[in-house]
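S.K.: what's the 3D shape of this:
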Amino acid sequence: MLVGKKVQLTEIRPEDKALLLTWINDPKLVRQHGPYRPICATSHDEWFASIGNDRAHLHFAIREVGNDAIVGLLQLLHLHELFRSIELTVRLGSEAHRGRGLGVEAVKLATQFAFQDLNLHRVYLYVFADNLLAAKAYENAGFSIEGQLRDAAYIDGQWRDVLVMACVRGSD
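M.R.: Next up, the predicted model:
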């Protein structure tokens, strides 16, 4: 468990499964990060059962300190041991949990874990260029914009630019 002042990153628990299915089937929430496609319970069950089976993917529940309820999901994906890099994704499920610094602290905890415990050099992520609040939150967590991919994602009937952001060990 990784513990900060506001949030803790924990294992994903069986009681989190239903809420995670609700989040992945919320079009408005999903379209903040990627294209929406409904996920059936069977596919979700398979994904849930696979958590922890692949060393290249780490999954964390975001919980507020002192509260066991899941408020978000943070994933470190595509571990590249040769390049010592990993991709970060984060999702806060409820509007009530956004804008309070929970995501920023969760990203900082995960980045620190990647550098100190996994001995990685680079943590990177992708964010829609028009998602200014998310990009600013990532900057507050120590990430810098490295580039912009034009018309890189087709979301809800329109093309969107994607920013590539990263935090490199020792660059702060």
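S.K.: so for the lengthiest helix in the chain, what's the average pLDDT?
M.R.: Selection of the longest helix in the chain by residue count, based on DSSP state H, yields helix 102-116. Averaged across helix 102-116, pLDDT comes to 97.
S.K.: I'd like the distance from the next helix or strand after it to the chain centre, please.
M.R.: Toward the C-terminus, helix 102-116 is succeeded by strand 122-128 as the next helix or strand (DSSP states H and E). Distance, stretch centre to chain centre, for strand 122-128: 9 Å (CA atoms, centre = their mean, to the nearest Å).
S.K.: now swap in stretch 151-159 and tell me
M.R.: Centroid displacement of stretch 151-159 relative to its chain, using CA atoms, centre = their mean, is 20 Å.
S.K.: and for that stretch, what are the contacting residues?
M.R.: Identification of contacts with stretch 151-159 by CB atoms under 8 Å, 6 or more residues apart in numbering yields 31, 34-36, 128, 160-162. (Glycine included, C-beta is placed from N, CA and C.)
S.K.: Repeat the analysis, applying 6 Å as the threshold.
M.R.: Residues outside stretch 151-159 that contact it (CB atoms under 6 Å, 6 or more residues apart in numbering): 31, 35, 160, 162.
S.K.: now those residues in CSV, with pLDDT?
M.R.: Listed next are these as CSV, based on pLDDT from 0 to 100:
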residue, pLDDT
31, 92
35, 91
160, 96
162, 97
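S.K.: among those residues, who's most crowded?
M.R.: Among the contacts of stretch 151-159, residue 162 has the most neighbours (other CB atoms under 10 Å), with 20 neighbours.
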